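Provide a 3D model corresponding to the input given below.
(one chain, ligands or ions: 2)
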Amino acid sequence: MPETLVLTDEVADAVGTGRPVVALESTILAHGLPRGENRVAADRIEDAVRAGGAVPATVAVLDGTVRIGLGPAELDRLCDRDGIAKLSVRDLGAALALGVDGATTVASTSALAHRAGIAVFATGGLGGVHREAGDTFDVSADLRVLGRTPIVVVCAGVKSILDVGGTLEYLETLSVPVLGYRTDRFPGFYLSDSGFGVPWRIDDAAQAAAIQVRRRQLGLDDAAVVVANPLPPDRQLDPGLHDRTLEQGLAMLAAESVTGKDVTPRLLEFFHQATGGASLRVNLDLVLSNAALAAAIAVALAQADPAR
Ligand code: PSU
Ligand code: MN
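Ligands and ions are numbered 1, 2, ... in the order given. Okay, the predicted model is just below:
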């Protein structure tokens, strides 16, 4: 039998000696960013983690093996090829048994990173409750998996295409804490403020680490901690452009009957085209910012709880 979980030597060494590691997802590379841009972004995101003093570990499935940490050739393969599957947790068994290549979502990256001993994960935006969820039952698997996976996830909130209030209610039901980083507002991915507040505000990485340490001490850390990190308002997508594009994008999804796991990639692509690349710049900006903050939290957590 092949190994199921393969760590690079660098990641295995860092995990084994308690040094800071940040997991990164691959769906944003393979399905969230356009070809060409995605490969450049992959390096820049890893560089942002390294600059913050942590080891990056991009997660994917290659030839039916879970890889925790990817080299340049593997990132090329993920970013440049057709036929990379989008793998949530439910897809992992099939992907491994059938030997496919696939990118991991927030749900599957969190679950796999935790199994590899990694405590912090950076992404762009979480999946959530879709606007028509009452009829379609489209609630991202990200939420349920975060409800049972002890990892700190740094994100820029959830995409504005979602039912943001419904998503926050669902996270409350799952006992997933949501911490606003230097803000009282829950970010809306492209927008600095989704229109909803957060239950807790933190002002530095050490506070995020302290919260996770206290949860561990209580034995109540079975769910993830979401750290919501907004872009500053002067770097967000222009709200007027955002609202127009969202309306057109939702109409496009309905007209083309896009459903299921194709919704998120199609809408991101639509935004990137309809805004003439403005949303792409914002998307990259927020992922880099999240990677840097995740590195700072991983460093603080390694200092605060070296025993783990
Ligand atoms: N946010 C982004 N780009 C993405 C995603 C989120 O900026 O590509 C991906 C993440 O991998 C997330 C997934 O887990 O979309 C959610 O997909 P769905 O809505 O089908 O659950
Ligand atoms: Mn969905």
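
C-alpha only now, for contacts and for neighbours.
Fine.

which residues of the stretch 1-150 of the chain fall in strands?
5-7, 21-24, 55-62, 65-68, 85-87, 102-104, 120-122 (DSSP state E, counting those that start in this stretch).

actually the stretch 151-300 of the chain, not the one I wrote
In the stretch 151-300 of the chain, the segments counted as strands under DSSP E, counting those that start in this stretch are 152-155, 178-181, 185-188, 191-197, 200-202, 225-228.

output the lowest mean pLDDT helix or strand found in the protein.
Lowest by mean pLDDT, DSSP states H and E among the helices and strands of the chain is helix 133-136, with a mean of 91.

contacts for it?
For helix 133-136, the external contacting residues (CA atoms under 8 Å, 6 or more residues apart in numbering) are residue 139.

now the end-to-end length of stretch 62-73.
12 Å (CA to CA, to the nearest Å).

what lies in contact with it?
2-8, 11, 23, 56-61, 95-102, 113, 116.

got the buried residues for it?
62, 64-70 (16 or more other CA atoms under 10 Å).

list the contacts of the residue nearest the centre of the chain.
For the chain, the residue whose C-alpha lies nearest the mean C-alpha position (CA atoms, centre = their mean) is residue 123; its distance is 2.7 Å. Counting by CA under 8 Å, 6+ apart, residue 123 touches 24-25, 28, 106, 153-156, 287, 290-291.

okay, the residues you listed in TSV with distance to residue 236 next?
Listed next are the contacts of residue 123 as TSV, based on distance: CA to CA, whole Å:
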residue	distance to residue 236
24	22
25	22
28	19
106	22
153	21
154	17
155	14
156	11
287	13
290	14
291	17
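
of those residues, list those near ligand 1.
When the contacts of residue 123 are checked against ligand 1 using CA under 6 Å from any ligand atom, the ones in range are 28, 106.

among the contacts of residue 123, who's most crowded?
Using other CA atoms under 10 Å as the neighbour test, the contacts of residue 123 are led by residue 24, with 34 neighbours.

from residue 57, how far out is it?
Relative to residue 57, residue 24 is positioned 6 Å away (CA to CA).

could you dump the strands of the stretch 151-300 of the chain into a markdown table and include distance to ligand 2 and mean pLDDT?
Shown next, in a markdown table, are these (distance: least, CA to the ion, whole Å; pLDDT from 0 to 100):
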| stretch | distance to ligand 2 | mean pLDDT |
| --- | --- | --- |
| strand 152-155 | 18 | 98 |
| strand 178-181 | 21 | 98 |
| strand 185-188 | 18 | 98 |
| strand 191-197 | 20 | 97 |
| strand 200-202 | 27 | 98 |
| strand 225-228 | 19 | 98 |
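
any chance of these in CSV, plus distance to residue 260?
Putting the strands of the stretch 151-300 of the chain into CSV (distance: least, CA to CA, whole Å) gives the following:
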stretch, distance to residue 260
strand 152-155, 22
strand 178-181, 26
strand 185-188, 21
strand 191-197, 23
strand 200-202, 32
strand 225-228, 24
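
show me the one of these that comes nearest residue 264.
strand 185-188 (14.6 Å; CA to CA).

measure residue 244 to ligand 2 for me?
If you measure residue 244 against ligand 2 using CA to the ion, to the nearest Å, the figure is 23 Å.

residue 268 now?
To ligand 2, residue 268 is 14 Å away according to CA to the ion.

burial measure for that residue, as a count.
If you count neighbours by other CA under 10 Å, residue 268 ends up with 22.

am I right that it is in contact with residue 32?
Yes. Using CA atoms under 8 Å, residue 268 is in contact with residue 32, at 6.4 Å.

intersection of neighbour lists for these two?
With CA under 8 Å, 6+ apart as the test, residue 268 and residue 32 reach no residue in common.

where does the stretch 1-150 of the chain have low pLDDT?
Scanning the stretch 1-150 of the chain for pLDDT under 70 picks out the ranges 1-2.
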